[in-house]
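Visitor: here is a sequence together with a model predicted from it:
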Amino acid sequence: MRRIVLAALTMGSLAAAGVALAFDNGQFENVPPDIRAWFKSVIAPNGVPCCDISDGHRTTYDVRDGTYWVPIEGRWMAVPERAIIRDRGNPVGEAVVWYVHHRGDIIISCFVPADAV
């Protein structure tokens, strides 16, 4: 089953901006149901779903002057405060970042630190 899922912002603004929406093509069939459910349930602080397991990227991170930084496509980027999720737990034990490409930029929509509770 193919499903369109939301990556960031709102569905209307993404579609209007021409941002490609993600597809779960079943490539994660071996993911345990509880982990899949967690990925699907994570909501950004602004109330928008972060996306789906196909768009959450496990990542390393650094903390610099109280700000999280993550490597995305070869460059380190500051995680905006609006994207940090601290209250959903983290069953994968690694940090996870969700991002989209928008008009030549990378927009971080959600970030869950490895030690989120």
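Guide: Received it, and whenever you're ready, just let me know what you need.
Visitor: does residue 79 touch residue 97 like I think?
Guide: Yes: assessed by Cβ atoms under 8 Å, residue 79 is found in contact with residue 97 at 7.2 Å. (C-beta placed from N, C-alpha, C; glycine too.)
Visitor: overlap in contacts, these two.
Guide: Counting by Cβ atoms under 8 Å, 6 or more residues apart in numbering, the common neighbours of residue 79 and residue 97 are 61, 70, 108, 111.
Visitor: what subset of those is buried?
Guide: The neighbour-count criterion (16 or more other Cβ atoms under 10 Å) marks 61, 70, 108, 111 among the shared contacts of residue 79 and residue 97 as buried.
Visitor: quick one, helices of the protein?
Guide: Assigned helices in the chain, in chain order: 11-17, 33-41 (criterion: DSSP state H).
Visitor: next, the buried residues of the last one.
Guide: For helix 33-41, the neighbour count (16+ other Cβ under 10 Å) marks 38-40 as buried.
Visitor: by mean pLDDT, show me the worst of the helices of the chain.
Guide: Here those differ in mean pLDDT, and the lowest is helix 11-17 at a mean of 39.
Visitor: now for the shared contacts of residue 79 and residue 97: which two are most distant?
Guide: By the measure Cβ to Cβ, 61 and 108 form the most distant pair in those, at 11.3 Å.
Visitor: where do the contact lists of these two overlap?
Guide: Between them, residue 61 and residue 108 share these contacting residues under Cβ under 8 Å, 6+ apart: 70, 79, 97.
Visitor: out of the residues you listed, which sit inside strands?
Guide: 70, 97 (DSSP state E).
Visitor: any chance of the shared contacts of residue 61 and residue 108 in CSV, plus distance to residue 47 and pLDDT?
Guide: Listed next are these as CSV, based on distance: Cβ to Cβ, whole Å; pLDDT from 0 to 100:
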residue, distance to residue 47, pLDDT
70, 22, 98
79, 18, 97
97, 19, 95
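Visitor: right, I'll leave it there.
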